[in-house]
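Undergrad: Below is the sequence, then the predicted model.
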Amino acid sequence: MDITITERDNKGFAMVRENNKRAGVMTYSRASEELIIIDHTEVEPEFKGKSIGKKLLYKIVEMARENNIKILPLCPFANAMFKKLDDIGDVLKN
């Protein structure tokens, strides 16, 4: 499973591919140098139940930590994960 992050202008996304097929994507907008807003998560039906959304979120959290960025999770999935997972709270925008 390959997870990449791509940014263009003030938009970005993390994408998971497995065997050259898109498994899922999580999109975000850059509100400032120190803040990104996760706005959408999408997992392809055949990849449901494989923690694809969580893997995408962890990839974006890793990028946020490396760049001292906070995350505002407007996406319902990302928001639920921030409430559920204690180990990513350090990048949550208060």
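TA: Yep, it's here.
Undergrad: could you pull out the helices for the chain?
TA: All helices of the chain, identified by DSSP state H, fall at 52-66, 76-84.
Undergrad: Would you tell me which one of those is buried the most?
TA: Of these, the one with the most neighbours on average (mean count of other Cβ atoms under 10 Å) is helix 52-66, at a mean of 19. Any C-beta I mention is one placed from the backbone N, CA and C, and that applies to glycine too.
Undergrad: circling back: for the helices of the chain, give me a markdown table that also has mean pLDDT and distance to residue 28.
TA: As requested, these are exported to a markdown table (pLDDT from 0 to 100; distance: least, Cβ to Cβ, whole Å):
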| stretch | mean pLDDT | distance to residue 28 |
| --- | --- | --- |
| helix 52-66 | 98 | 7 |
| helix 76-84 | 98 | 9 |
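Undergrad: Make TSV out of the ones you listed and add distance to residue 90.
TA: Output for those, formatted as TSV (distance: least, Cβ to Cβ, whole Å):
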stretch	distance to residue 90
helix 52-66	7
helix 76-84	11
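Undergrad: Point out the one among those that comes closest to residue 25.
TA: Closest approach to residue 25 among those (Cβ to Cβ): helix 52-66, 7.2 Å.
Undergrad: Name the residues that touch that closest one?
TA: By Cβ atoms under 8 Å, 6 or more residues apart in numbering, the residues outside helix 52-66 that reach it are 1, 3, 5, 14-16, 23-26, 28, 36, 38, 41, 43-44, 69-71, 77-78, 81, 88, 90-91.
Undergrad: all strands for the protein, in order.
TA: With DSSP state E as the criterion, the chain has strands at 2-8, 11-18, 21-32, 35-43, 70-73.
Undergrad: Name the strands paired with the longest one and say parallel or antiparallel.
TA: I take that to be strand 21-32. strand 11-18 (antiparallel), strand 35-43 (antiparallel) (DSSP bridges).
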